[in-house]
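Asks: Pasted the sequence and its predicted model underneath.
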Amino acid sequence: MKQLRVDVAVIGGGTAGLAARREVVGAGNSVVLIEGGVWGTTCARVGCMPSKLLIAAADVAHTVRQAGEFGIRVPDGLSIDGPAVLQRMRRHRDRFVGFVLDSVEQIPADERLLGRARFVAPTTLMVDDHTRVEARAVVIATGSQPHIPPELAAVRDSVLTNETAFEQVDLPGSMAVLGSGVIGLEVGQALHRLGVRTALFARGDMLGPLTDPVVRGCVAETFGAELDVHCNVVPQVQRDGDGYRLRWRDSAGAEQEGHFAALLAATGRRPGVEGIGLEHTGVALDARGIPTFDPRTMQCGDAPIFLAGDASAYRSVLHEASDEGRIAGINAAAFPDVRAQKRRTPLMIVFSDPNVAMVGRSFRSLDPTAVEVGCVSYADQGRAVVTARNVGVVRIYANRTCGTLLGAEMCGPRVEHMAHLLAWAVQSHLSVEAALEMPFYHPVFEEGLRTALRDLAARLKLQRPERPADLECGPGT
Ligand SMILES: Cc1cc2nc3c(=O)[nH]c(=O)nc-3n(C[C@H](O)[C@H](O)[C@H](O)COP(=O)(O)OP(=O)(O)OC[C@H]3O[C@@H](n4cnc5c(N)ncnc54)[C@H](O)[C@@H]3O)c2cc1C
């Protein structure tokens, strides 16, 4: 058996692990990066990038379907070549993965290991059965894995997840999507727009991650109008020929059933901390079995053990995985001189159409007596009407006492961009007044944001509602 002694061992060669390793090397420490699956990162291989490539194809199909609205005829109608859609997705996906693999290749061979790591002592790891690694500090960056709920146990070998869905040769004729979180909504809508008969099953009454009842209502109405959505349903699933038979009760209690060629489990992801020998580390675990940690240092208690990325289940998005890897790497290298690092304003985007986004403090986390809420509907917003995307609502929250922006929840056209503007404003501790002093071009979707900010200013009694300036030429700008 091989023996290794290093300053820092990093478990997991994904976004967080790679970022952690970079910091450790930068600090002049010795390091080994251990990957138990395949190199290439979840984001590039089976996450952000292939899903956005699928959505991009779906957007084109949707635009073609909408052409009539603009007086444009598509002579031969719409025809979707499933294998070609999937081939383009994989072609670009593989390029993105290639960039990651190139950077992994740059890592000296003796600083990376293939195999599953598990703790056998607080800072000692066994990698498969071939290498024993002794480290001064360990970074756990093991990501997350798809969760298959008990009702899918009988079909778990054939049900698709994000790990397998992007490898399909052709689009299925029909698909049942179980789960209505970010992945279910994004992929479910994309498949629907790519001509797949798609049904979305939600265990609760939620579509997506929002907490504001007004915006949630808009999401339910908007996506309910386009997609075949079944809320508060846990269907029974069984194999039926080449496909699946699903049985469920509708909201009126009537029995329903449907047959689908394929089944996608978008039923959540679980941090990859099971089976890695945490019981040998002495770190405290929360009720979910995740080590308790300080999000400013990523340290688990006082131990020389640091958590990063989806494994922490703190903010399971890419830029946060990268940040957490960086923080964990800096502190693992410097242990015991662990320093708190600044975290960014929370930002999360669902790339559905319309987009759904959350910025800063969620509505649920706020004290309703201490905040004011400004609102805009996109139903009549100038640019949204021009582009036939006039659906959605944005709600912005500010501190009632000082007018500082706190957060926002939104569903609307291209709010991915507005979510960024607001996140930057929140992180800069901008007040509503200061935000209104920023330039707004005309005619843009962001003018809707200004309407919401003006609404907020009026509610805060900070200023008289501004009258539209002369150049503004339409309702809802
Ligand atoms: C379908 C989908 C779409 C997404 N879209 C977006 C998006 O649009 N925007 C966004 O910000 N985020 C998105 N995400 C989330 C984002 O991909 C993750 O937050 C991010 O990739 C997490 O990075 P990570 O380094 O924590 O995990 P990973 O990249 O998964 O890396 C963890 C690595 O650890 C390895 N590992 C696990 N256990 C062990 C072990 N015991 N020993 C050794 N190695 C081990 C794994 O094999 C894996 O390679 C999406 C995720 C999915 C699934």
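Replies: Arrived safely, thanks for sending. Numbers count the residues shown, from 1 in each chain.
Asks: What average pLDDT does stretch 174-184 get?
Replies: In this model, stretch 174-184 has a mean pLDDT of 97.
Asks: For the residue in the stretch 201-350 of the chain positioned nearest to the ligand, which residues are in contact?
Replies: Here the residue of the stretch 201-350 of the chain nearest the ligand is G309; by C-beta to the nearest ligand atom that distance is 2.2 Å. In this view, the C-beta of every residue, glycine as well, is placed from N, C-alpha and C. Counting by C-beta atoms under 8 Å, 6 or more residues apart in numbering, G309 touches 12, 14-17, 141-143, 316, 320-321, 324-325.
Asks: distance of it from A332?
Replies: 14 Å (C-beta to C-beta, to the nearest Å).
Asks: circling back to that earlier point, how about the residue of the stretch 201-350 of the chain closest to the ligand: what's its closest non-neighbour residue?
Replies: A16 (2.8 Å; C-beta to C-beta, 6 or more residues apart in numbering).
Asks: That neighbour - that's part of a strand, no?
Replies: No: counting by DSSP: H, G, I helix; E, B strand; the rest coil, A16 is not part of a strand but helix.
Asks: What number of residues are in the vicinity of it?
Replies: Residues near A16, counting by other C-beta atoms under 10 Å, number 35.
Asks: Near the ligand, which residues of the stretch 251-400 of the chain are found?
Replies: 272, 276, 309-311, 316-318, 321, 351 (C-beta under 6 Å from any ligand atom).
Asks: By neighbours, which of those wins?
Replies: That'd be G309 among these, by other C-beta under 10 Å, with 37 neighbours.
Asks: okay, now the spatially closest residue to P146 that is not a sequence neighbour: neighbour count?
Replies: Closest residue to P146 apart from its sequence neighbours, by C-beta to C-beta, 6+ apart: T161 at 3.9 Å. When neighbours are defined as other C-beta under 10 Å, T161 has 19 of them.
Asks: likewise the one 3 residues further on?
Replies: Counted with other C-beta under 10 Å, the neighbours of T164 add up to 14.
Asks: Quick check: it vs the ligand, distance?
Replies: 11 Å (C-beta to the nearest ligand atom, to the nearest Å).
Asks: Between which two of the residues of the stretch 251-400 of the chain next to the ligand is the distance greatest?
Replies: I276 and F351 (31.4 Å; C-beta to C-beta).
Asks: Show me what the host helix or strand of H319 packs onto, helices and strands only.
Replies: Per DSSP states H and E, H319 falls inside helix 318-334. Here helix 318-334 touches strand 2-11, helix 15-26, strand 131-140, strand 305-307, going by 3 or more C-beta pairs under 8 Å, 6 or more residues apart in numbering; DSSP states H and E.
Asks: Make JSON lines out of the ones you listed and add mean pLDDT.
Replies: Listed next are those as JSON lines, based on pLDDT from 0 to 100:
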{"stretch": "strand 2-11", "mean pLDDT": "98"}
{"stretch": "helix 15-26", "mean pLDDT": "98"}
{"stretch": "strand 131-140", "mean pLDDT": "98"}
{"stretch": "strand 305-307", "mean pLDDT": "98"}
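Asks: how about the closest residue to G188 other than its chain neighbours, secondary structure?
Replies: Nearest in space to G188, with sequence neighbours left out and distances taken as C-beta to C-beta, 6+ apart, is V177 at 4.1 Å. Look at V177: counting by three-state DSSP, its state is strand.
Asks: Roughly how far does V177 sit from C411?
Replies: 19 Å.
Asks: The residue in the stretch 101-250 of the chain that the ligand sits nearest to: what's it in contact with?
Replies: Using C-beta to the nearest ligand atom, the closest approach of the stretch 101-250 of the chain to the ligand is made by G143 at 2.6 Å. With contact set as C-beta under 8 Å, 6+ apart, G143 has these partners: 12, 14, 16, 42, 271-272, 309-311.
Asks: Any chance of a markdown table for those, columns distance to L227?
Replies: Output for the contacts of G143, formatted as a markdown table (distance: C-beta to C-beta, whole Å):
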| residue | distance to L227 |
| --- | --- |
| G12 | 35 |
| G14 | 31 |
| A16 | 33 |
| T42 | 26 |
| P271 | 29 |
| G272 | 31 |
| G309 | 31 |
| D310 | 27 |
| A311 | 32 |
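Asks: Any stretches of the protein with poor pLDDT?
Replies: 463-477 (pLDDT under 70).
Asks: go again using 90 as the cut-off
Replies: Counting by pLDDT under 90, the ranges of the chain that qualify are 76-77, 205-208, 250-252, 462-477.
Asks: Can you tell me what sits against the biggest helix by length in it?
Replies: In the chain, with assignment by DSSP state H, the single longest helix is helix 82-105. The contact list for helix 82-105, computed with C-beta under 8 Å, 6+ apart, reads 13, 18, 39-41, 44-45, 49-50, 53-54, 57, 112, 166-171, 194.
Asks: buried sites along that helix?
Replies: 82, 85-86, 89-90, 93, 96-97, 100 (16 or more other C-beta atoms under 10 Å).
Asks: do stretch 451-462 as well
Replies: Quick answer for stretch 451-462 (16+ other C-beta under 10 Å): 451-460.
Asks: quick one on the thing from earlier: OK, contacts around the residue nearest to P146?
Replies: Applying C-beta under 8 Å, 6+ apart, the residues contacting T161 are 146, 148, 264-266.
Asks: Return the alpha-carbon coordinates of stretch 438-453 using CSV.
Replies: Coordinates of each C-alpha in stretch 438-453 appear next as CSV, following Å, rounded to 0.1, in the frame of the first residue of the first chain:
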residue,chain,number,x,y,z
MET,A,438,-28.5,54.9,-10.9
PRO,A,439,-29.1,55.3,-14.6
PHE,A,440,-31.8,53.3,-16.3
TYR,A,441,-31.8,53.1,-20.1
HIS,A,442,-35.0,53.1,-22.1
PRO,A,443,-36.7,50.9,-23.1
VAL,A,444,-35.3,48.0,-21.0
PHE,A,445,-36.7,45.3,-18.6
GLU,A,446,-34.7,47.1,-15.9
GLU,A,447,-37.2,50.0,-16.0
GLY,A,448,-39.5,47.6,-14.3
LEU,A,449,-37.0,47.4,-11.5
ARG,A,450,-37.1,51.1,-11.2
THR,A,451,-40.9,51.0,-10.9
ALA,A,452,-40.6,48.6,-8.0
LEU,A,453,-38.0,50.8,-6.4
